[in-house]
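J.: Pasting the sequence and the predicted model now:
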Amino acid sequence: MSHIERTLILFKPDAVQRGVVGEILTRFERVGLKVIGTKMIAPDKEHYYKHYEEIGQVITRRGEATFNNVLDMMNEGPVIAMVLEGIEAVELVRKLVGSTEPKSSAPGTIRGDFSHMSYGYGDAAGKGIPNLIHASGDLSDAKKEIPHWFSEDELYDYSVLNEKFTR
């Protein structure tokens, strides 16, 4: 069984618009993760429905109002979608990103360092939580999300120097 995994990340509109994509991406590359696919895209509602409900089950878990808030936020601009590859990439990325709720994210995580909002505030304001980045929740989600965002011919296999030290 290989420990080399692929995971999806989305730089959400707040990350793109704040100009922090490069700084966040650097954190992933520094730990040995490799970008094997990337593109900027402005998906339609149907694409987001499949991502957030058919795969992520946001409506099922948190209700339609939350889904609509997320959809409104995601439609504020384009996103940058990437597939990262590396040793136990899904868990590693989740650790680097931090808790879904920025308020609960530890300092040193991406959300802990770049965002701060609570679910309570977002719910009271009727808005989605600008938490910069989506990361696959687990390996099962990653295996569904990646083909939803990328075709096989958009993913690349190549070597990077740090694989000598991280694999």
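T.: That came through, no problem.
J.: quick one: the closest residue to residue 115 other than its chain neighbours and residue 146, what's the gap?
T.: The spatially closest residue to residue 115, leaving aside those adjacent along the chain, is residue 102, at 4.0 Å (C-beta to C-beta, 6 or more residues apart in numbering). Where C-beta positions appear, they are placed from N, C-alpha and C, glycine not excepted. Distance, residue 102 to residue 146, by C-beta to C-beta, to the nearest Å: 25 Å.
J.: How far off centre is the helix or strand hosting residue 111?
T.: Under DSSP states H and E, the secondary-structure element containing residue 111 is helix 110-114. Relative to its chain's centre, helix 110-114 lies at 13 Å (C-alpha atoms, centre = their mean, to the nearest Å).
J.: got the end-to-end distance for stretch 88-107?
T.: 22 Å (C-alpha to C-alpha, to the nearest Å).
J.: Can you list the buried residues in it?
T.: 89-90, 92-94, 96-98, 101-103, 105 (16 or more other C-beta atoms under 10 Å).
J.: mind listing the strands for the chain?
T.: Using DSSP state E, the strands found in the chain span residues 4-11, 34-41, 79-87, 133-135.
J.: rewinding a little: could you save the buried residues of stretch 88-107 as TSV and add columns showing pLDDT?
T.: Output for the buried residues of stretch 88-107, formatted as TSV (pLDDT from 0 to 100):
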residue	pLDDT
89	97
90	98
92	98
93	98
94	97
96	98
97	97
98	96
101	89
102	91
103	92
105	94
